[in-house]
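Undergrad: with the input below, show me the fold.
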Amino acid sequence: MDGTAGAQETTSLSSDDVDKLVGTDFVVTAESVQFAGEKCDKPTFKQSRHNTTNFFWREFKFDPRSMRLPDPVTEIAIDCLAPSPISFVYVRDKRNIVFFWRGFFLDAKRENGKEDKPRATPSRP
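TA: Alright, predicted model coming up:
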(Lines give C-alpha, C1' and ligand atoms only; values in the text may rest on other atoms or scores of the structure.)
Protein backbone atom coordinates (compact mmCIF):
# COMPACT_ATOMS: atom_id res chain seq x y z
CA MET A 1 0.00 0.00 0.00
CA ASP A 2 1.35 3.44 -0.93
CA GLY A 3 -1.12 5.70 0.88
CA THR A 4 -4.70 6.68 1.63
CA ALA A 5 -6.51 8.11 -1.36
CA GLY A 6 -9.61 8.93 0.68
CA ALA A 7 -12.11 7.55 3.18
CA GLN A 8 -15.81 7.37 3.80
CA GLU A 9 -17.17 9.45 6.68
CA THR A 10 -17.65 6.40 8.91
CA THR A 11 -14.92 3.77 9.00
CA SER A 12 -13.98 0.98 11.37
CA LEU A 13 -10.37 2.18 11.64
CA SER A 14 -8.66 5.50 12.29
CA SER A 15 -6.46 7.21 9.70
CA ASP A 16 -3.49 6.57 12.02
CA ASP A 17 -4.23 2.83 12.01
CA VAL A 18 -4.34 2.82 8.22
CA ASP A 19 -1.16 4.93 7.92
CA LYS A 20 0.66 2.14 9.80
CA LEU A 21 -0.09 -0.16 6.85
CA VAL A 22 2.11 1.82 4.45
CA GLY A 23 4.36 -0.65 2.67
CA THR A 24 1.99 -3.59 3.18
CA ASP A 25 1.67 -5.77 0.08
CA PHE A 26 -1.69 -6.03 -1.69
CA VAL A 27 -1.39 -9.44 -3.38
CA VAL A 28 -3.72 -10.58 -6.15
CA THR A 29 -3.58 -14.09 -7.63
CA ALA A 30 -6.15 -16.34 -9.28
CA GLU A 31 -6.50 -18.21 -5.95
CA SER A 32 -6.71 -15.28 -3.51
CA VAL A 33 -6.51 -11.57 -2.77
CA GLN A 34 -4.60 -10.64 0.40
CA PHE A 35 -4.04 -7.46 2.37
CA ALA A 36 -3.16 -6.67 5.99
CA GLY A 37 -3.54 -10.24 7.20
CA GLU A 38 -6.92 -10.66 5.53
CA LYS A 39 -7.50 -13.10 2.72
CA CYS A 40 -10.20 -13.39 0.07
CA ASP A 41 -10.24 -17.03 -1.07
CA LYS A 42 -11.34 -18.13 -4.53
CA PRO A 43 -12.13 -14.62 -5.77
CA THR A 44 -14.22 -13.90 -8.80
CA PHE A 45 -13.70 -10.61 -10.60
CA LYS A 46 -16.28 -8.54 -12.46
CA GLN A 47 -15.15 -5.52 -14.47
CA SER A 48 -17.35 -2.50 -15.23
CA ARG A 49 -16.86 1.13 -16.23
CA HIS A 50 -18.50 4.17 -14.65
CA ASN A 51 -18.65 7.95 -14.92
CA THR A 52 -16.19 8.65 -12.10
CA THR A 53 -17.79 11.61 -10.32
CA ASN A 54 -21.41 10.46 -10.57
CA PHE A 55 -20.54 6.91 -9.54
CA PHE A 56 -18.56 7.85 -6.41
CA TRP A 57 -21.17 10.36 -5.24
CA ARG A 58 -23.98 7.83 -5.78
CA GLU A 59 -22.24 4.77 -4.28
CA PHE A 60 -19.97 6.23 -1.59
CA LYS A 61 -21.16 9.83 -1.00
CA PHE A 62 -17.55 10.77 -1.71
CA ASP A 63 -15.85 13.30 -4.01
CA PRO A 64 -13.31 11.25 -6.02
CA ARG A 65 -11.17 14.16 -7.30
CA SER A 66 -8.38 13.52 -4.77
CA MET A 67 -7.95 9.95 -6.04
CA ARG A 68 -6.74 11.08 -9.49
CA LEU A 69 -8.82 8.44 -11.28
CA PRO A 70 -9.57 8.61 -15.01
CA ASP A 71 -13.06 9.31 -16.31
CA PRO A 72 -14.60 6.89 -16.97
CA VAL A 73 -13.07 4.67 -14.29
CA THR A 74 -12.71 0.91 -14.53
CA GLU A 75 -14.03 -0.86 -11.43
CA ILE A 76 -13.14 -4.46 -10.63
CA ALA A 77 -15.57 -5.92 -8.08
CA ILE A 78 -14.09 -8.78 -6.05
CA ASP A 79 -16.42 -11.47 -4.72
CA CYS A 80 -14.91 -13.91 -2.22
CA LEU A 81 -15.83 -17.42 -1.10
CA ALA A 82 -16.49 -15.98 2.39
CA PRO A 83 -17.31 -12.31 3.13
CA SER A 84 -14.21 -10.10 3.00
CA PRO A 85 -13.42 -6.38 3.41
CA ILE A 86 -11.38 -6.63 0.19
CA SER A 87 -14.11 -5.67 -2.26
CA PHE A 88 -13.30 -3.18 -5.07
CA VAL A 89 -10.33 -2.07 -7.16
CA TYR A 90 -10.33 1.08 -9.31
CA VAL A 91 -7.72 1.29 -12.08
CA ARG A 92 -5.78 4.56 -12.26
CA ASP A 93 -3.31 3.40 -14.93
CA LYS A 94 -1.14 0.38 -15.82
CA ARG A 95 0.95 0.64 -12.64
CA ASN A 96 -1.44 2.23 -10.12
CA ILE A 97 -4.75 1.24 -8.56
CA VAL A 98 -7.00 2.43 -5.76
CA PHE A 99 -8.63 -0.31 -3.71
CA PHE A 100 -11.49 -0.09 -1.23
CA TRP A 101 -10.83 -1.71 2.16
CA ARG A 102 -12.70 -1.16 5.45
CA GLY A 103 -14.07 2.24 4.42
CA PHE A 104 -10.76 3.55 3.04
CA PHE A 105 -9.65 4.07 -0.54
CA LEU A 106 -5.98 3.04 -0.62
CA ASP A 107 -3.37 3.65 -3.30
CA ALA A 108 -1.28 0.75 -4.53
CA LYS A 109 1.58 0.76 -7.00
CA ARG A 110 3.04 -2.22 -8.82
CA GLU A 111 6.61 -2.76 -7.76
CA ASN A 112 9.25 -3.15 -10.46
CA GLY A 113 9.64 -6.81 -11.34
CA LYS A 114 6.69 -7.94 -9.24
CA GLU A 115 3.84 -8.45 -11.64
CA ASP A 116 1.24 -9.55 -9.07
CA LYS A 117 2.21 -7.60 -5.91
CA PRO A 118 1.24 -3.92 -5.94
CA ARG A 119 2.50 -2.16 -2.81
CA ALA A 120 -0.09 0.03 -1.12
CA THR A 121 0.33 3.33 0.78
CA PRO A 122 -2.07 6.04 2.03
CA SER A 123 -1.91 9.42 0.29
CA ARG A 124 -3.60 12.56 1.54
CA PRO A 125 -6.15 14.38 -0.66
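
Undergrad: right, and residue 63 touches residue 56 too?
TA: Yes: here residue 63 reaches residue 56: they are 7.0 Å apart, a contact under Cβ atoms under 8 Å. Backbone N, C-alpha and C define where each C-beta goes, glycine included.

Undergrad: now do the closest residue to residue 79 other than its chain neighbours against residue 77, distance only.
TA: Take residue 79 and drop its neighbours on the chain: the residue closest to it by Cβ to Cβ, 6 or more residues apart in numbering is residue 44, 4.8 Å away. Separation of residue 44 from residue 77 (Cβ to Cβ, to the nearest Å): 9 Å.

Undergrad: and if you look at residue 56?
TA: In terms of Cβ to Cβ, residue 56 sits 15 Å off from residue 77.

Undergrad: those two: which is more packed in?
TA: residue 56 (21 against 14; other Cβ atoms under 10 Å).

Undergrad: contacting residues around the nearest residue to that one once chain neighbours are set aside?
TA: Nearest residue to residue 56, sequence neighbours excluded (Cβ to Cβ, 6+ apart): residue 64, at 3.9 Å. Taking Cβ atoms under 8 Å, 6 or more residues apart in numbering, we find residue 64 in contact with 6, 52-53, 55-56, 73.

Undergrad: next SSE after the one helix or strand residue 59 maps to?
TA: Residue 59 belongs to helix 52-60 when assigned by DSSP states H and E. Remark: after helix 52-60, the chain's next helix or strand is strand 73-79, criterion DSSP H and E.
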